[in-house]
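S.K.: no sequence for this one, just the structure:
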């Protein structure tokens, strides 16, 4: 029988900001007062990204506008996000985890799975090993984590959600009836805001009722998703934790940006796609990758998100090739609503040494030569050394992702 840990940072973004401030000499620990990590309201990224435990008492929730949170708690301390800090802390945490197993799989920037099977001989029982990991992270990095323990990834993750913060919780199959099944069905992994109400209309109010509901009827209502939910409610999951070297393989390259104004014209969207294409293609070439699939993600001003992608006959890494493909995908996907966020994702990657030319494809050889020259100049003198005329006085290339830089005000 396997032993799987799920490790989750408690209030990750806020904890990482708090630790940084303490290291810099601050006398205030953000985790002990009503506080939050929130984006800049003026750039339209003013939402709560993370909040402290004291902030929860005021009803402040992740994802709500910063202004609403301040109405609930005027003394709320807000700090801006620092994604480079988050990346460093995440890397350090997974470095520590890799000391306890060679099977460590990131699930997101602040959580991951560790296969502890067979590690008992080195670090003690699962509870002893989890305690060592938790204290190692706290002592070396300064923040706390929750660790869920079970026989598979699903139950380990659900265990870690049962009680917070700074806890170690087990959820073994024999504990399902007592610990998991009494919970509201909405707390089941993969039951979202849309599925929960539909399940309740079917008379399914708890995870236990979902577990006992006929799988065939769930499949009739939700197709294969219904049968999966039934299996999850019964604690069934046979996915393995990937080897640390496997999960380090790059599966996709992308970039996205939130726009400070509503984009309603196709040509304006094209400029932003070009900005994103610059970054994505540069990252492909830096990693010696080419992509066989290009996707575009669109978020509207009413926060509806949809995406579309297309597969290519031959893989690409040329900026213009990525851009022209992204434009076609965008044209197929866009429903003419005002846009607040755009993203490009290059997937199905392969080595740039494996590319074969096809007479059906456009010849990008001249563009690739120009890309190579610009990459050399930017690498030597900085990324602002060579800038397309399209971006002069307007949109800047979105090299780092996040909020798009505009050199003029949209009127």
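M.R.: Happy to help now that I have it. It should be emphasised that the depicted structure is a prediction, and the values quoted were computed from it without experimental measurement.

S.K.: My guess is residue 341 contacts residue 260. True?
M.R.: No - using C-beta atoms under 8 Å, residue 341 makes no contact with residue 260, being 11.0 Å away. Placement of C-beta: from N, CA and C, glycine included.

S.K.: Now do the SS call for residue 26.
M.R.: coil (DSSP: H, G, I helix; E, B strand; the rest coil).

S.K.: and the gap between it and residue 77?
M.R.: Going from residue 26 to residue 77 by C-beta to C-beta, to the nearest Å gives 11 Å.

S.K.: cool, and residue 29?
M.R.: From residue 29 to residue 77 the distance is 11 Å (C-beta to C-beta).

S.K.: So for residue 341 and residue 260, which sits in the more crowded spot?
M.R.: Neighbour totals were compared for residue 341 and residue 260, and residue 341 leads with 20 against 17 (other C-beta atoms under 10 Å).

S.K.: Show the residue spans covered by the helices in the stretch 151-300 of the chain.
M.R.: Ranges of helices in the stretch 151-300 of the chain, per DSSP state H, counting those that start in this stretch, are 153-160, 195-201, 207-212, 215-222, 224-233, 244-247, 266-286.

S.K.: Out of those, flag the one nearest residue 332.
M.R.: Comparison of the helices of the stretch 151-300 of the chain against residue 332 by C-beta to C-beta identifies helix 266-286 as nearest, at 12.5 Å.

S.K.: What residues sit buried inside the closest one?
M.R.: 268-285 (16 or more other C-beta atoms under 10 Å).

S.K.: Off-centre distance for it?
M.R.: Distance of helix 266-286 from the chain centroid (C-alpha atoms, centre = their mean, to the nearest Å) equals 20 Å.

S.K.: So for residue 49, what's the pLDDT?
M.R.: In the predicted model, residue 49 carries a pLDDT score of 86.

S.K.: So, low pLDDT: which residues of this protein?
M.R.: Applying pLDDT under 70 to the chain picks out residues 41-45, 243-250, 351-366, 368-369, 375, 377-411.

S.K.: what domains does the record give for it?
M.R.: Annotated domains of the chain cover 1-171, 181-233, 250-403 [automatic domain parsing].

S.K.: So for residue 240, which of the ones you listed sits nearest?
M.R.: Evaluated with C-beta to C-beta, the domains of the chain place domain 1-171 nearest to residue 240, the distance being 7.5 Å.

S.K.: how long is the closest one from one end to the other?
M.R.: 14 Å (C-alpha to C-alpha, to the nearest Å).

S.K.: by contact count, what packs against the helix or strand in which residue 350 is found?
M.R.: Secondary structure from DSSP states H and E places residue 350 in strand 339-351. Under the contact criterion of 3 or more C-beta pairs under 8 Å, 6 or more residues apart in numbering; DSSP states H and E, strand 339-351 touches strand 252-263, helix 266-286, strand 289-300, strand 305-316, helix 319-333.

S.K.: Let me know the angle separating the second one from strand 289-300.
M.R.: Note on geometry: by axes from the mean of the first three to the mean of the last three C-alpha atoms, to 10 degrees, helix 266-286 and strand 289-300 are set 150 degrees apart in direction.

S.K.: Make residue 1 into 56 and carry on from there
M.R.: All right, first residue 56 from here; so that's helix 321-341.

S.K.: Near the nearest residue to residue 184 once chain neighbours are set aside, how many other residues are there?
M.R.: Nearest residue to residue 184, sequence neighbours excluded (C-beta to C-beta, 6 or more residues apart in numbering): residue 178, at 4.0 Å. Neighbour count for residue 178, taken as other C-beta under 10 Å: 17.

S.K.: Over to residue 391?
M.R.: A total of 8 residues lie near residue 391 under the criterion other C-beta under 10 Å.

S.K.: residue nearest the centroid of the protein?
M.R.: residue 163 (5.5 Å; C-alpha atoms, centre = their mean).

S.K.: Tell me the bridge partners for it.
M.R.: For residue 163, the beta-bridge partners are residue 166 (DSSP bridges).

S.K.: Distance check, it against residue 148.
M.R.: Distance from residue 163 to residue 148, by C-beta to C-beta: 12 Å.

S.K.: And residue 372, by the same measure?
M.R.: Residue 372 is 32 Å from residue 148, by C-beta to C-beta.

S.K.: same deal with residue 269?
M.R.: Taking C-beta to C-beta, one finds residue 269 at 42 Å from residue 148.
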